[in-house]
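In: the sequence and its predicted three-dimensional model are supplied below.
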Amino acid sequence: ATRGRLLALLSRGRRPPRDLAPVQHRQWVDEAVVWTRFSIQSEEPGLTEHGSPVQKLQQRLTVLEARPAAAAASPLPVVIVLHGTGSAKSWTPVREAMRRYVARGWAALSLDLRYHGERSGVLTGEEEETGAWERDRPREELQQEYQAALVAAYQDGSGEQPFIFDAAWDVMRCLDWVESRPEAYDSSSIGATGISLGGMVVWFAAAADTRISVAAPAIGVQNFQWAIDHHRFGARVASIQPVFEAARQSLGKDVIDGVVVASVWDAITPGIRSEWDASRSLPLIAPRPLLIANGGRDERCPIEGVRVAVADVREIYRQAGSEEEALRLFVDEDAGHQVTTRMWHEIDEWFVRHFQK
């Protein structure tokens, strides 16, 4: 696995937009935090000109920024915080993390992953801001376009990779934005964390782009082939069930078995159970600081498979002479698929420790 090959996979022949074309949608102050909702170009507009309206929404990356209301005398460290499946950039756990980082004097950025939030065709930015969608909108409704995009990527060869890889591309465009504003952001101190799907995206974005100086994916790192080999894929399948059901029918299977699961991963995330599985892609983050936070009872990311991968990664960090200070697996042994208070504490302190160096 090499970074060049990973970048080629994530790019799908695309080039970064010549112009990020930022548009500010709204700015407000709340409890000493300045919030700004804006968007930037993630793909050149012509690439999906024949796509559906919701496909065209993917061309623009919708972002939420938080920064201290008190004027900063110098550029700020910044943490990118990514949400999980069926959620959005304004999800309560994400906003709470952003508030904590602002309280430390940093900036924070959150973005809508592909077919989520303002890019879902379901939520507007104004509705997101109220937070009422978390209570009033059924999760199935919020996910419908995302699940459909996964099925299309499997069945139709849509060319899209909406599960992880296209979102990692979006994170890199967010990094372009950070670099374009040296007066606002300290580009030598860029952290990234994410929850579940967001954690997977952080894993691959950090592997592909060395501008992420500190990474802390939560309940996202997993060992895809290990899960197939040990028949521990049921919970992960259930999180994006429609695409696996489509694959089962296409393959003429009675049940979703390892063959079905492998066919889905190969179609929507090429190489994720081989060249880009955790043991081989996570080493691309070395020697930069990497904290992996997982639950001991998380069936979506079975900890046994994670430990196998981390053992391989640890050897790469050892060779780089940075194992002790730059690599950590934190396991909350009693936790399932949730980011616990203990995990957040470890993640937050990880950024504190490494931003100060």
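Out: Alright, I've got the coordinates.

In: how confident is the prediction for residue 144, by pLDDT?
Out: Residue 144 carries a pLDDT score of 94 in this model.

In: what separates the nearest residue to it once chain neighbours are set aside from residue 137, distance-wise?
Out: Excluding its sequence neighbours, the residue lying closest to residue 144 (C-beta to C-beta, 6 or more residues apart in numbering) is residue 122, at 7.2 Å. Bear in mind the C-beta positions are built from the backbone N, C-alpha and C, glycine included. According to C-beta to C-beta, to the nearest Å, residue 122 and residue 137 sit 7 Å apart.

In: which one's more surrounded, the two?
Out: Comparing residue 122 with residue 137 by other C-beta atoms under 10 Å, the one with more neighbours is residue 122, at 20 against 15.

In: element containing the more buried one, please.
Out: Following DSSP states H and E, one finds residue 122 outside all helices and strands.

In: so it touches residue 147, yeah?
Out: No: checked against C-beta atoms under 8 Å, the pair residue 122 and residue 147 is beyond contact range at 11.9 Å.

In: show me which strand runs longest in this structure.
Out: When the chain is parsed with DSSP state E, its longest strand is strand 185-195.

In: between strand 185-195 and the following helix or strand past that strand, find me the angle.
Out: Following strand 185-195 in sequence order, the next helix or strand is helix 197-208 (DSSP H and E). Orientation of helix 197-208 against strand 185-195 (axes from the mean of the first three to the mean of the last three C-alpha atoms, to 10 degrees) gives an angle of 130 degrees.

In: ramachandran angles for the nearest residue to residue 279 once chain neighbours are set aside?
Out: Excluding the flanking residues, the one nearest residue 279 by C-beta to C-beta, 6+ apart is residue 312, at 4.1 Å. Phi and psi for residue 312, reported as degrees, to the nearest 10, are phi -70, psi -40.

In: chain center to the strand or helix carrying residue 237, what's the gap?
Out: Assigned by DSSP H and E, residue 237 belongs to helix 234-239. Computed by C-alpha atoms, centre = their mean, to the nearest Å, the chain-centroid distance of helix 234-239 equals 18 Å.

In: all strands for the stretch 251-357 of the chain, in order.
Out: 290-295, 327-332 (DSSP state E, counting those that start in this stretch).

In: so which of those strands gets nearest residue 246?
Out: strand 290-295 (28.8 Å; C-beta to C-beta).

In: the closest one pairs with which strands?
Out: Strands that pair with strand 290-295, judged by DSSP bridges, come out as strand 214-218 (parallel), strand 327-332 (parallel).

In: pick the most deeply packed of the ones you listed.
Out: Most buried of these, by mean neighbour count (mean count of other C-beta atoms under 10 Å): strand 214-218, with a mean of 28.

In: following element in sequence after that one, please.
Out: Next element after strand 214-218 (DSSP H and E): helix 224-229.

In: which elements pack onto that next one?
Out: helix 258-268, helix 303-319 (3 or more C-beta pairs under 8 Å, 6 or more residues apart in numbering; DSSP states H and E).

In: contacts for that helix?
Out: With contact meaning C-beta atoms under 8 Å, 6 or more residues apart in numbering, helix 224-229 is reached by 232-233, 236, 258, 261-262, 265, 272-274, 277-278, 302, 304-305, 308-309.

In: whichever of the residues you listed end up buried, select them in PyMOL.
Out: Of those, the buried ones can be selected in PyMOL as follows, counting by 16 or more other C-beta atoms under 10 Å:
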select buried, resi 232+233+236+261+262+265+272+273+277+278+302+305+309
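
In: re earlier: so what's the residue nearest to residue 279 scoring on pLDDT?
Out: At residue 312, pLDDT is 94.

In: surely it and residue 283 touch.
Out: Yes: judged on C-beta under 8 Å, residue 312 makes contact with residue 283 at a distance of 7.5 Å.

In: who's more crowded, the two?
Out: For residue 312 versus residue 283, neighbours defined as other C-beta under 10 Å are more numerous around residue 283 (21 against 15).

In: distance of the more buried one relative to residue 352?
Out: Distance of residue 283 to residue 352, given as C-beta to C-beta: 25 Å.

In: can you read off the pLDDT for residue 324?
Out: 80.

In: what's the answer for residue 140, then?
Out: If you check residue 140, the pLDDT there is 89.

In: and the host helix or strand of it, how far out from the chain middle?
Out: Per DSSP H and E, residue 140 falls inside helix 139-155. Put simply, helix 139-155 sits 17 Å off its chain's centre (C-alpha atoms, centre = their mean).

In: list the buried residues of that helix.
Out: For helix 139-155, a neighbour-count test (16+ other C-beta under 10 Å) marks 142-154 as buried.

In: who's in contact with the helix holding residue 237?
Out: For helix 234-239, contacts defined as C-beta under 8 Å, 6+ apart pick out 85, 196, 222, 227, 244, 256, 261, 299-301, 337.
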